[in-house]
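this one's sequence-less:
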């Protein structure tokens, strides 16, 4: 995309030396000409983690219905699915309680108010994404779907290379050295 700042002849009644225009132009240039109206949140809603994982599981189950591969887990399948499910629920409950105690919102489309380092955040910077992964694997294993296991792994890739880096940039920008120090002391996943 070409970075072309709209000039005053394009309908704007602000002069070139108007301070509001200077601020807007700086913001425009910093985003490469793409308006960044949601820069105060970690995830503006373009790639929402629950949607990523839900679509991954649904796609995997659909592929399994069309091209069955299956998982050769036998009687261990339901037990393993149950373990993944319990881990997912416990992580979600624990994480939400820690967020609530810190008075910071759970959804990434609302501004963070604190760097949370207690509870599950001592073990992982992304315990909710671990929970989503465990839940997706629970459904995939319970359904006996190798395809769904594969699509959950792909969802983890989207989180790893698209969602989490954006959120980490936001947190580092918002909280500076405090978050950078946290990043260096706790792993991204486990």
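That came in fine, so what should we check first? Predicted model only: the values in this text are computed from it and were never measured.

alpha carbons only for contacts and neighbour counts from here, please
Fine.

residue ranges of the helices in the chain, please?
In order along the chain, the chain carries the following helices (DSSP state H): 19-30, 49-66, 76-101, 127-143, 146-158, 164-175, 177-185.

I'd like to know which of those lies nearest to residue 108.
Across the helices of the chain, residue 108 has its closest neighbour in helix 164-175 (8.0 Å, C-alpha to C-alpha).

about what we covered before: JSON lines for the helices of the chain, including mean pLDDT and mean neighbour count?
Listed next are the helices of the chain as JSON lines, based on pLDDT from 0 to 100; neighbours: other C-alpha atoms under 10 Å:
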{"stretch": "helix 19-30", "mean pLDDT": "42", "mean neighbour count": "14"}
{"stretch": "helix 49-66", "mean pLDDT": "96", "mean neighbour count": "18"}
{"stretch": "helix 76-101", "mean pLDDT": "97", "mean neighbour count": "17"}
{"stretch": "helix 127-143", "mean pLDDT": "98", "mean neighbour count": "24"}
{"stretch": "helix 146-158", "mean pLDDT": "98", "mean neighbour count": "21"}
{"stretch": "helix 164-175", "mean pLDDT": "92", "mean neighbour count": "17"}
{"stretch": "helix 177-185", "mean pLDDT": "97", "mean neighbour count": "14"}
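
Give me the residue at the spatial middle of this structure.
In the chain, the centroid-proximal residue (C-alpha atoms, centre = their mean) is residue 163; its distance is 4.3 Å.

I figured it was touching residue 47, is that so?
Yes: counting by C-alpha atoms under 8 Å, a contact exists between residue 163 and residue 47, whose distance comes to 6.9 Å.

Dump the helices of the chain into CSV; add distance to residue 108 as well.
Listed next are the helices of the chain as CSV, based on distance: least, C-alpha to C-alpha, whole Å:
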stretch, distance to residue 108
helix 19-30, 22
helix 49-66, 9
helix 76-101, 12
helix 127-143, 11
helix 146-158, 16
helix 164-175, 8
helix 177-185, 16
